[in-house]
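Enquirer: coordinates only, sequence not included:
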């Protein structure tokens, strides 16, 4: 175990909020591209990068910017959509079409015929009436537009990304809370601002490079050939009992216009939160008795063992996986996630190293607990 606390500020999405293209969709649980650069500098690889929990595409976009081929897998259709749009190559006509769409959009508002349902609650309760009507109006206008598919997808990403600002929803840990005191930005202003930001990023930075192969899938059963990848940089869901299919459920349901989509996503997801079938049939020996006493802990590490085994299968010999994780406090138990994953890796005949990037304070009753955020490096020998 070594310390490199200079990495701590990059183990969050914070620095990406101002980075072109990375900022198109705010994903609090993500990390910054500097983590990818750190891994690539250590590995000195020019080959294929894999991210089996690709989220909103940080690793893939960073690889593209370095001229590398990459593959991204995620259980969420929202994550796959966002990653594909952020990492695509665009032509000059795409930002021009976006500007044209924006120019004509609000000249004549019409009631939309779309039906938007969400698993947890009626979207009507989450938005001021005018904002909700505009969201549905824009969603339908995008669908009916005659612009290219890439332009429509860019506009749809812009709309999905502004839902938090135009709502009275507060994302509080693993919960969505309605706060009537919150001042929601108008959908019109938020959408215009986001589209203009995306247009500016495309026009200034350009979008050439090798587009990644982004697939909907399961990190426990990777769709990659044996020894086909040169490096893995990823961050699995933290063991924090947060169901991200619910936290980002409004965005996911507006994308798919399917109330059941969050349930489908949940069924493919790593068991990092309590579910009906959380009780594991198998608990890795490194977890010891706590995996049976707290079923979500046993289930999480059973799933992570399968994921690590798949990482080993697809990595070339001498190549490494960089896995960003955080230690957790679950039901007052401090779980040393990095050490357990490293031990599982060693049992699977991988060399392990823990690079501590930050120490965080978990404010849990009855006392505060200091936890670590780390990169677990697993090398195939």
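Expert: Now that the structure is in, tell me what you want to look at. Treat the numbers as computed from the prediction; the structure is a model and nothing was measured.
Enquirer: From now on I want contacts and neighbour counts done on CA atoms only, so please keep to that.
Expert: Noted.
Enquirer: which residues in the stretch 51-200 of the chain form helices?
Expert: With helices called from DSSP state H, counting those that start in this stretch, the stretch 51-200 of the chain shows them at 58-65, 77-87, 93-105, 129-144, 149-161, 163-166, 187-205.
Enquirer: highest average neighbour count across the ones you listed?
Expert: Burial of these is given as mean neighbour count (mean count of other Cα atoms under 10 Å); helix 58-65 ranks first at a mean of 26.
Enquirer: quick one: contacts of that one?
Expert: Here helix 58-65 makes contact (Cα atoms under 8 Å, 6 or more residues apart in numbering) with 22, 30-33, 36-37, 49, 51, 54, 69-72, 83, 86-87, 209-212, 233-234.
Enquirer: before we move on, what about stretch 141-150?
Expert: 85, 90, 94, 97, 105, 152, 155, 156.
Enquirer: wait, the last one sits on residue 139?
Expert: What that stands for is residue 156. Yes: counting by Cα atoms under 8 Å, residue 156 touches residue 139, with 7.1 Å between them.
Enquirer: ok, the spatially most central residue of the chain - contacts?
Expert: The residue lying closest to the centre of the chain (Cα atoms, centre = their mean) is residue 55, at 2.4 Å. Counting by Cα under 8 Å, 6+ apart, residue 55 makes contact with 30, 74, 76, 79, 80, 83.
Enquirer: Any chance of TSV for those residues, columns pLDDT and distance to residue 334?
Expert: Below are these laid out as TSV (pLDDT from 0 to 100; distance: Cα to Cα, whole Å):
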residue	pLDDT	distance to residue 334
30	92	22
74	97	28
76	95	28
79	96	29
80	97	32
83	98	33
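Enquirer: got the residues you listed as a markdown table, with distance to residue 324 columns?
Expert: Listed next are the contacts of residue 55 as a markdown table, based on distance: Cα to Cα, whole Å:
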| residue | distance to residue 324 |
| --- | --- |
| 30 | 10 |
| 74 | 16 |
| 76 | 19 |
| 79 | 18 |
| 80 | 19 |
| 83 | 19 |
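Enquirer: Out of those residues, flag the one nearest to residue 369.
Expert: Closest approach to residue 369 among the contacts of residue 55 (Cα to Cα): residue 30, at 22.5 Å.
Enquirer: Assign that closest one to helix, strand or coil.
Expert: Reduced to three states with DSSP: H, G, I helix; E, B strand; the rest coil, the structure at residue 30 is coil.
Enquirer: which residue sits closest to it, ignoring its sequence neighbours?
Expert: Counting by Cα to Cα, 6 or more residues apart in numbering, residue 13 is the residue found nearest to residue 30 once chain neighbours are left out, at 5.0 Å.
Enquirer: Check the contacts of stretch 141-150 for the minimum pLDDT and say which it is.
Expert: The lowest pLDDT within the contacts of stretch 141-150 belongs to residue 105, with 91.
Enquirer: which residues does it contact?
Expert: Applying Cα under 8 Å, 6+ apart, the residues near residue 105 are 138, 141.
Enquirer: what comes into contact with the strand or helix carrying residue 302?
Expert: Per DSSP states H and E, residue 302 falls inside helix 295-314. If you take Cα under 8 Å, 6+ apart as the criterion, helix 295-314 is touched by 219-222, 224-229, 232, 239, 241, 270-274, 278-280, 282-284, 287, 290-292, 321, 341, 344-345, 348, 350, 380.
Enquirer: where along this protein do the strands fall?
Expert: 2-3, 49-51, 70-74, 169-172, 175-178, 213-216, 229-234, 315-326, 328-330, 333-335, 350-364, 367-380 (DSSP state E).
Enquirer: Of all the helices of the stretch 51-200 of the chain, which one comes closest to residue 119?
Expert: For those, distance to residue 119 was read as Cα to Cα. The smallest value, 15.3 Å, belongs to helix 77-87.
Enquirer: Could you list the low-pLDDT ranges of this protein?
Expert: The model of the chain has pLDDT under 70 over residues 206-207, 274-278.
Enquirer: How is it partitioned into domains?
Expert: 2-89+218-237+274-380, 93-205 (automatic domain parsing).
Enquirer: Point out the most buried one among those.
Expert: Greatest average neighbour count among those goes to domain 2-89+218-237+274-380 (a mean of 20), per mean count of other Cα under 10 Å.
Enquirer: And that one, end to end?
Expert: 19 Å (Cα to Cα, to the nearest Å).
Enquirer: circling back: quick one: the residue nearest to residue 30 and residue 29 touch, right?
Expert: Yes: if you go by Cα under 8 Å, residue 13 and residue 29 touch, sitting 6.7 Å apart.
Enquirer: Was I right to think residue 71 contacts residue 57?
Expert: No: under the criterion of Cα under 8 Å, residue 71 makes no contact with residue 57, lying 10.0 Å away.
Enquirer: list residues touching both of the two?
Expert: Counting by Cα under 8 Å, 6+ apart, nothing touches both residue 71 and residue 57.
Enquirer: Distance of residue 22 relative to residue 367?
Expert: Distance from residue 22 to residue 367, by Cα to Cα: 36 Å.
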